[in-house]
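Asker: No sequence on hand, only this structure:
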């Protein structure tokens, strides 16, 4: 165990050459960041009687990609959904602790959850475009939030979002066709375009590539890397190579606890916790 | 050595792949398929018998026997006073004209008794029909012209072959004279069956040849209109609330159980409820489509709520998440996405509920819609009846001619039901979405 040479470590090392704007500080096991966009302190989540998250304290650095890894059922998706209060709609879900977006408590009763979700967008595991046209899919968010006042403005937002999602060239001739008719990878990029159309500050991605083939996955990963310049991204993934490729910081979750968090390269090459080591070397998971 | 081979045989059970076993399995499969075919054939056979008997009994009601009379109406005969304006003509009586023409056809019939019998040959509507013709064209007055008028329902039955001529006169529906007169006229080409428009344009009548379903059809539409207006919004709102917003707890469980129970309550109970509450307590006009519609909506509400809830449940949660994820509120999520996607299912359930309501009789009997209606209702507070109640009323009438009217009314009712259910199927086919 002296020298760890996993493929992930190699990827992570490559990744370091292009670090994000955010300088990442290295708190030991705690995931603090010097330039946090979102901070959470001692977050506990219960589903009925099940204790799904135990005292998570993690920062999400601005303009970087934070990857959440861990075995199934470890709570990484639950944590992700805490960040834009998507857990609110789940029956019997209780959340304790503090989650802040730019020093503003997102669980403050005075906060409008709709406005929060406009600032913290989300992309889901399975591509879920609305059964509407490609254009309407992207235009929906701007419409309900009043982002654009005129048709031309709206069109500009839609085109811009599709371009940024790298989908424009593929769909520019068929904007009025249903979004559900696209391929899986295109659908997922459409969902990303839909999310960025409302100009969020943070984008949460819940295993965005798990339903896609390797080529589509590669495109999404490229896209994530480009989006990092303008957005703060949190991505949940089962794929450790992916975490190593796209993220600057990684947090490892296990059985509802955050075991370890830190710079991706450091976490993959030199994990501090035995459980992290076991997971990234494929001993369990 | 042999002992180890034996233990292997005993310890390892191998599948029995013999041909005999295979044959057995095939036989079982064939048997099962046969049972299924028998069940389907039985069901179709029963349906065919039902529909066949209705059509066989009822198709003749769409024809009406008419006779050709040569009439010469004069002003004095019909009791016209003043100019032959439509207003003045409306007060006239064309009966003498009809009888005169009839007596001329049978000059051999003399004597008060025989002539009175002969008068029963034509329908009471004949005089009115001729009057309408003269009102439209007053120049006919004083001239001689041919006109086809309805015969009495007895003659109608005879002409359609429902009277058994072999029976002795005292057990026959019809006196021998009528048969002779009919045969004479038939030979002279003066009796013929025409398409029965009265059946569609007429209202209820004691005389079968004048009875029609218009009032009942309009009553049915008005009642269904009230039912739809009341039950659709209430049911959809209830379903959306229960499915999308209500917390899952004991109270909502109780509500769910009760809704399912209500769907199974005998419909006559709703009729009693309507009588006690809507008519006696609130004082709504009895026999009206308004009350009928209220009662029927009570009955259809559970059906629509249940189907709407299952349609809402069929919308995948990923769509809700997608909408919430881009910052739609819960109301926006429902109204922009979930409801439009589930609408075909909701409409299908609604149409099926409406079809159920269209065929419902028992609760309407309780609220007084079992009435003899000769006026076409024009509003939801007018006394009226509905198609199935009209069927019920005619089926209890003694005249032979009402048997075919009953079956014909059932055919019309079935046509409406089939049309509604076909619409439901089409809607489902057209808009059904698979995820």
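Answerer: Perfect, I can see it now. On a predicted model such as this, the values are computed, not experimentally measured, just so you know.

Asker: only C-alpha atoms for contact and neighbour calcs from this point on.
Answerer: Fine.

Asker: For residue A:42, give me its contacts.
Answerer: Going by Cα atoms under 8 Å, 6 or more residues apart in numbering or on different chains, residue A:42 touches A:54, A:55, A:56, A:57, A:96, A:97, A:98.

Asker: Kindly recompute the last result at 10 Å.
Answerer: In this structure, residue A:42 makes contact with A:53, A:54, A:55, A:56, A:57, A:58, A:96, A:97, A:98, A:99, judged by Cα atoms under 10 Å, 6 or more residues apart in numbering or on different chains.

Asker: And the one helix or strand the second one maps to, what's buried?
Answerer: Residue A:54 is part of strand A:50-61, with elements assigned from DSSP states H and E. Residues of strand A:50-61 classed as buried under the neighbour-count rule (16 or more other Cα atoms under 10 Å in any protein chain shown) are A:52, A:53, A:54, A:55, A:56, A:57, A:58, A:59, A:60, A:61.

Asker: quick revisit: go through the contacts of residue A:42 and say which is closest to chain B.
Answerer: Nearest to chain B among those, counting by Cα to the nearest Cα, is residue A:99 at 17.8 Å.

Asker: Direction included, what does the helix or strand encompassing that closest one pair up with?
Answerer: Assigned by DSSP H and E, residue A:99 belongs to strand A:93-101. For strand A:93-101, the paired strands and their directions (DSSP bridges) read strand A:36-47 (antiparallel), strand A:104-105 (antiparallel).

Asker: the inter-axis angle of it versus strand A:50-61?
Answerer: Using axes from the mean of the first three to the mean of the last three Cα atoms, to 10 degrees, one finds that strand A:93-101 and strand A:50-61 are set 10 degrees apart in direction.

Asker: Show me the strands in the stretch 101-250 of chain A, by range?
Answerer: A:104-105, A:120-123, A:202-206, A:232-236, A:249-254 (DSSP state E, counting those that start in this stretch).

Asker: for those, which one ends up most surrounded?
Answerer: By mean neighbour count, with neighbours taken as mean count of other Cα atoms under 10 Å in any protein chain shown, strand A:120-123 ranks first of these at a mean of 29.

Asker: can you tell me which residues contact the residue of the stretch 51-200 of chain B found nearest chain A?
Answerer: In the stretch 51-200 of chain B, the residue found nearest to chain A is residue B:51; the distance is 42.5 Å by Cα to the nearest Cα. Residue B:51 sits next to B:45, B:57, B:407, B:410, B:411, B:414 when contact means Cα under 10 Å, 6+ apart.

Asker: out of those residues, which are buried?
Answerer: For the contacts of residue B:51, a burial check counting by 16+ other Cα under 10 Å picks out B:57, B:407, B:410, B:411, B:414.

Asker: Could you name the helices and strands sitting against the helix or strand where the third one lies?
Answerer: What it means is residue B:410. Per DSSP H and E, residue B:410 falls inside helix B:401-431. Using 3 or more Cα pairs under 10 Å, 6 or more residues apart in numbering or on different chains; DSSP states H and E, the elements in contact with helix B:401-431 are helix B:19-58, helix B:153-159, helix B:198-201, helix B:214-240, helix B:339-358, helix B:387-395.

Asker: Name the residues of the first one that are buried.
Answerer: Applying a neighbour-count criterion of 16+ other Cα under 10 Å, one finds B:51, B:54, B:55, B:57, B:58 buried in helix B:19-58.

Asker: cool, and stretch A:207-216?
Answerer: Judged by neighbour count (16+ other Cα under 10 Å), stretch A:207-216 contains these buried residues: A:207, A:208, A:209, A:210, A:212, A:216.

Asker: any idea how far the closest residue in space to the second one that isn't next to it in sequence lies from residue A:187?
Answerer: To tie it back to what came earlier, the one meant is residue A:208. Among residues not flanking residue A:208 along the chain, residue A:125 sits closest, at 4.8 Å (Cα to Cα, 6 or more residues apart in numbering or on different chains). In this view, residue A:125 and residue A:187 are 11 Å apart by Cα to Cα, to the nearest Å.

Asker: what's near enough to touch residue B:353?
Answerer: By Cα under 10 Å, 6+ apart, the contact list for residue B:353 reads B:227-228, B:231-232, B:296-297, B:299-305, B:307, B:347, B:421.

Asker: ah, wrong one, I meant residue B:67
Answerer: By Cα under 10 Å, 6+ apart, the contact set of residue B:67 is B:121-122, B:126, B:147-152, B:155, B:182, B:185-186, B:189-194.

Asker: interface residues of chain B facing chain A?
Answerer: B:244-245, B:247-248, B:316-330, B:332, B:336-337, B:341, B:433, B:435 (Cα under 10 Å from any Cα of the partner chain).

Asker: Tell me the buried residues within those residues.
Answerer: Among these, those buried by neighbour count (16+ other Cα under 10 Å) are B:244, B:318-330, B:332, B:337, B:341.
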